[in-house]
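Enquirer: can't give you the sequence, but here's the structure:
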Ligand SMILES: NC(=O)NCCC(=O)O
């Protein structure tokens, strides 16, 4: 199927202007054509982005001015990208070409004043887990603390005074060379603050990731950075409301969801799940997806009756940010590399908590008790039938 650029573009093309405003309010929670929702960047940003063929979009979420707290304005960045080299190129060339490309995008993010930035899931490699082959793909795995990708990102984080969340395939040499799906959180000082790992591993369609790594044992860490308390819910974890919940309970103000997912599988869920999480947990959520179609030399099957194939399908980008009040930014393109820059006041998290009272009405004790029963082997579902 020929790929289209974005749903926003189709709406704009066919819906008359006055109606479009109403449609946007319904879909985004805002009149997204109101120019006050957009940031103005130095003209050099456009020049550089055009040169790099990088779509740059911005958005601003307003919050109330408070008397006793200063606004806590941060610029959140999200980068989505395709791979550079074909998947049969030497591993080092594939990885280094991605580091080079993303480094140039991070320079644009710096010019846009981004304070805290995240890339897509395992951004420095093709999403090769569909193949179930260990060789050569596990060679992309590297130390979260001082592997080549982390070293490169540490330099940029320090240079641009930017917190960088770098989702990679990790090789943990201290624990028997195990492989993990990890996000490294690098401070704006250039130091690694810590790492978090994917909590839920997919076993659906061509997402054969359980062949490579296990579920995280690191819990739901929240990283206290100079630009807010951040957490990372990696890809398939977005289907699990409890996962989002725990980052909220641990105090996250921004939760990134670096992903790799394809149109035939999840596009209908995409605009809903991260958005709903932001609403339910009163934080900003940042959903980031890979772009493009990646071809692999050896065909693989999905266990669904389809014949063997060489690609996953189309990774549809469409990265977006949701505010704690449920308003969301327009998405990036479905087909091209992009940088989304969103200005947010972190004070909005508490303002929405006060307005809606979700935390106060959450009844965690009730669910703790019910869940403790539900995980017992002798659990009986509470079903009442007519007598
Ligand atoms: N990368 C990943 O976990 N993908 C699973 C498919 C999905 O969650 O949409």
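Expert: That came through fine. Because the structure is a prediction, the values reported are computed rather than measured.
Enquirer: Residues of the stretch 101-250 of the chain that sit close to the ligand?
Expert: Contacts of the stretch 101-250 of the chain with the ligand, taken as Cβ under 6 Å from any ligand atom, map to 121, 202, 207, 235-236. In short, each C-beta sits where N, CA and C put it, glycine included.
Enquirer: what ranges do the strands span in the stretch 51-200 of the chain?
Expert: For the stretch 51-200 of the chain, applying DSSP state E, counting those that start in this stretch gives strands covering 55-60, 73-80, 116-119, 163-172, 178-186, 192-197.
Enquirer: Tell me which of these sits most buried.
Expert: With neighbours taken as mean count of other Cβ atoms under 10 Å, these reach their highest mean count in strand 116-119, at a mean of 27.
Enquirer: What pairs with it, parallel or antiparallel?
Expert: With DSSP bridges as the test, strand 116-119 is paired with strand 73-80 (parallel), strand 163-172 (parallel).
Enquirer: tell me the mean pLDDT over that strand?
Expert: Averaged over strand 116-119, pLDDT sits at 99.
Enquirer: and the angle from the lengthiest helix in the chain to strand 73-80?
Expert: In the chain, taking DSSP state H as the definition, the longest helix is helix 91-111. Angle, helix 91-111 to strand 73-80, by axes from the mean of the first three to the mean of the last three Cα atoms, to 10 degrees: 150 degrees.
Enquirer: What helices and strands are in contact with helix 91-111?
Expert: Other helices and strands packing on helix 91-111, by 3 or more Cβ pairs under 8 Å, 6 or more residues apart in numbering; DSSP states H and E, are helix 43-52, strand 73-80, strand 116-119, helix 148-160, strand 338-345.
Enquirer: Name the next helix or strand following the last one along the chain.
Expert: Scanning forward in sequence from strand 338-345, with DSSP states H and E defining helices and strands, the next element found is helix 347-356.
Enquirer: Show me what that following helix is in contact with.
Expert: For helix 347-356, contacts defined as Cβ atoms under 8 Å, 6 or more residues apart in numbering pick out 61, 63-64, 66, 69, 71-72, 253, 282-284, 323-325, 359.
Enquirer: low-confidence ranges in the stretch 51-200 of the chain?
Expert: Low-confidence segments of the stretch 51-200 of the chain, defined by pLDDT under 70, are absent.
Enquirer: which residue sits closest to residue 44 in space, ignoring its chain neighbours?
Expert: Nearest non-adjacent residue to residue 44, counting by Cβ to Cβ, 6 or more residues apart in numbering: residue 111, 6.3 Å away.
Enquirer: residues near the one you found, how many?
Expert: Neighbour count for residue 111, taken as other Cβ atoms under 10 Å: 17.
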